[in-house]
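J.: Pasting a predicted model and its sequence here:
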Number of protein chains: 2
Amino acid sequence: MPDRFAKTPKPPYFAVIFSNQLRDEHEGYEAMGDAMYKLALEQPGCLGAESTRDGALFGITVSYWKDEQSILDWKRNAEHLAAQRLGIKDWYAHYELRVAKIERDYSGPEGRGKGL
Amino acid sequence: MPDRFAKTPKPPYFAVIFSNQLRDEHEGYEAMGDAMYKLALEQPGCLGAESTRDGALFGITVSYWKDEQSILDWKRNAEHLAAQRLGIKDWYAHYELRVAKIERDYSGPEGRGKGL
């Protein structure tokens, strides 16, 4: 499996879906975004993350978590709080953040020849 | 709010998180992908969708649904089934599909100056 996919366990587990539009001017974002991505993966309870962004600077990052407490702890992480403030002030034109409970999952196309 | 964001109602509602790696060769994908995106939005119970893909052809599409039955009905839609078969056979190197219940959501950065 390509390593851009999170290797998540059997459900249930939790996800934070972060959809965001970067401003055209977003100096400093890439370095901070990379640092936060790595820092998130080191947090207790983090199961992985998947992230992509197109040429129009619309991005979706989904991080996966063992439980809701892990998500709350990450939300309040001091370095992450500083990054959140910069994102709000300088980088994001708009964002939506949704917290979800993963109920079931599937992968493919290996072994899925008969249809989903 | 930029229109690449889904205008979802107050939770709870449901999401299908579809992370996927397109093959380098994926002739016919764009046209089918666009058609399926539009068709999904017309389905009963579909609340919207957000989608992005980077230059390395790694994409994330999140579609939002009123309830689980709407998701099952879409999964079994005849035109969608045909597209799923082509995706499995010709377009995707790998994908992960996760079905989730959205429990809470936030948006910004409007009015979020004091922190998330």
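T.: Perfect, thanks for sending it. Residues are numbered from 1 along each chain as shown, chains lettered A, B, ... in the order given.
J.: From one end of stretch A:7-14 to the other, what's the distance?
T.: Distance across stretch A:7-14, first residue to last, is 13 Å (CA to CA, to the nearest Å).
J.: what distance separates it from the centre of its chain?
T.: Between the centre of stretch A:7-14 and the centre of its chain there are 14 Å (CA atoms, centre = their mean, to the nearest Å).
J.: same deal with stretch A:64-76?
T.: 12 Å.
J.: Stretch A:29-46 too?
T.: Using CA atoms, centre = their mean, the offset of stretch A:29-46 from its chain centre is 9 Å.
J.: Would you mind listing the buried residues in that stretch?
T.: Neighbour-count burial for stretch A:29-46 flags A:Tyr29, A:Met32, A:Gly33, A:Met36, A:Ala40, A:Gln43, A:Gly45, A:Cys46 (criterion: 16 or more other CB atoms under 10 Å in any protein chain shown). Heads up, the C-betas are built off the backbone N, CA and C, glycines and all.
J.: Output it as PDB - backbone C-alpha positions only.
T.: Below are the C-alpha coordinates for stretch A:29-46, written out as PDB (Å, rounded to 0.1, in the frame of the first residue of the first chain):
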ATOM      1  CA  TYR A  29       2.700  27.900   5.900                       C
ATOM      2  CA  GLU A  30       4.500  25.000   4.200                       C
ATOM      3  CA  ALA A  31       7.200  24.800   6.900                       C
ATOM      4  CA  MET A  32       4.600  25.000   9.700                       C
ATOM      5  CA  GLY A  33       2.200  22.600   7.900                       C
ATOM      6  CA  ASP A  34       5.000  20.000   7.600                       C
ATOM      7  CA  ALA A  35       6.000  20.500  11.200                       C
ATOM      8  CA  MET A  36       2.400  20.100  12.400                       C
ATOM      9  CA  TYR A  37       1.900  17.000  10.300                       C
ATOM     10  CA  LYS A  38       4.900  15.300  11.800                       C
ATOM     11  CA  LEU A  39       4.000  16.500  15.300                       C
ATOM     12  CA  ALA A  40       0.500  15.100  15.000                       C
ATOM     13  CA  LEU A  41       1.800  11.700  14.000                       C
ATOM     14  CA  GLU A  42       3.800  11.600  17.200                       C
ATOM     15  CA  GLN A  43       0.800  12.300  19.500                       C
ATOM     16  CA  PRO A  44      -0.500   9.600  21.700                       C
ATOM     17  CA  GLY A  45      -3.600   8.100  20.000                       C
ATOM     18  CA  CYS A  46      -2.800   9.400  16.500                       C
END
